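Colleague: coordinates for the following, if possible.
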Amino acid sequence: MMKKDLNPITIVVPHILNTATGNLGANQRKPYQMIRVKDVPQNHNSTDAAATTVLLIQANAASDGDGCKEITRDFLAAGTKHLAVLVYRDVTPV
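Modeller: Got it, this is the predicted structure:
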């Protein structure tokens with residue numbers, strides 16, 4: 001289902017980026033591939049979905065797909081507290 005939802009985005013975004021940068025070559029308009037990393041746990045709790053998404057983005061930026069495998073339900077509680085501290089630091093004036 002997720003692939004069905006994201007497929008239009010993977011097709012449209014390359015066209016938008018190529019038009020914005022002026023690269024109008026046909027070879028540069030290929031759609032992006034959506035690849036799901038195996039062994040990444042799925043979160044079926046909708047209240048934790050935002051925190052899980054942020055943690056997966058951070059893990060992917062730090063160590064590609066391998067870091068995403070470490071985001072488990074056990075890690076989610078500690079990771080959510082860490083995210084709350086980061087948001088609090090950004091919101092409160094120094």
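Colleague: tell me which stretches of this protein form helices.
Modeller: 2-21, 49-68, 73-91 (DSSP state H).
Colleague: looking at those helices, which one is packed in the most?
Modeller: Among those, helix 49-68 has the highest mean neighbour count (mean count of other CB atoms under 10 Å), at a mean of 15. All C-beta spots, glycine's among them, are computed from the backbone N, C-alpha and C.
Colleague: compute the inter-axis angle for that helix and helix 73-91.
Modeller: 110 degrees (axes from the mean of the first three to the mean of the last three CA atoms, to 10 degrees).
Colleague: and helix 49-68, what does it pack onto?
Modeller: helix 73-91 (3 or more CB pairs under 8 Å, 6 or more residues apart in numbering; DSSP states H and E).
Colleague: how far does the helix it packs on sit from the chain's center?
Modeller: Its chain's C-alpha centre and that of helix 73-91 lie 17 Å apart, by CA atoms, centre = their mean, to the nearest Å.
Colleague: likewise for stretch 44-64?
Modeller: 7 Å.
Colleague: just for the protein, where's the confidence low?
Modeller: 1-4, 6, 22-34, 94 (pLDDT under 70).
Colleague: need the helices of the chain in JSON lines with distance to residue 35, can you?
Modeller: As requested, the helices of the chain are exported to JSON lines (distance: least, CB to CB, whole Å):
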{"stretch": "helix 2-21", "distance to residue 35": "10"}
{"stretch": "helix 49-68", "distance to residue 35": "8"}
{"stretch": "helix 73-91", "distance to residue 35": "23"}
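Colleague: among these, which is nearest residue 36?
Modeller: Nearest to residue 36, of all the helices of the chain, is helix 2-21, at 7.7 Å by CB to CB.
Colleague: quick one, domains of this protein?
Modeller: Following automatic domain parsing, one gets these domains for the chain: 1-35, 39-94.
Colleague: quick check: the gap between residue 19 and residue 8.
Modeller: 17 Å (CB to CB, to the nearest Å).
Colleague: from residue 18, how far off is the residue nearest the centre of the chain?
Modeller: Central residue of the chain (CA atoms, centre = their mean): residue 57, 4.2 Å from the mean position. When distance is defined by CB to CB, residue 57 is 24 Å away from residue 18.
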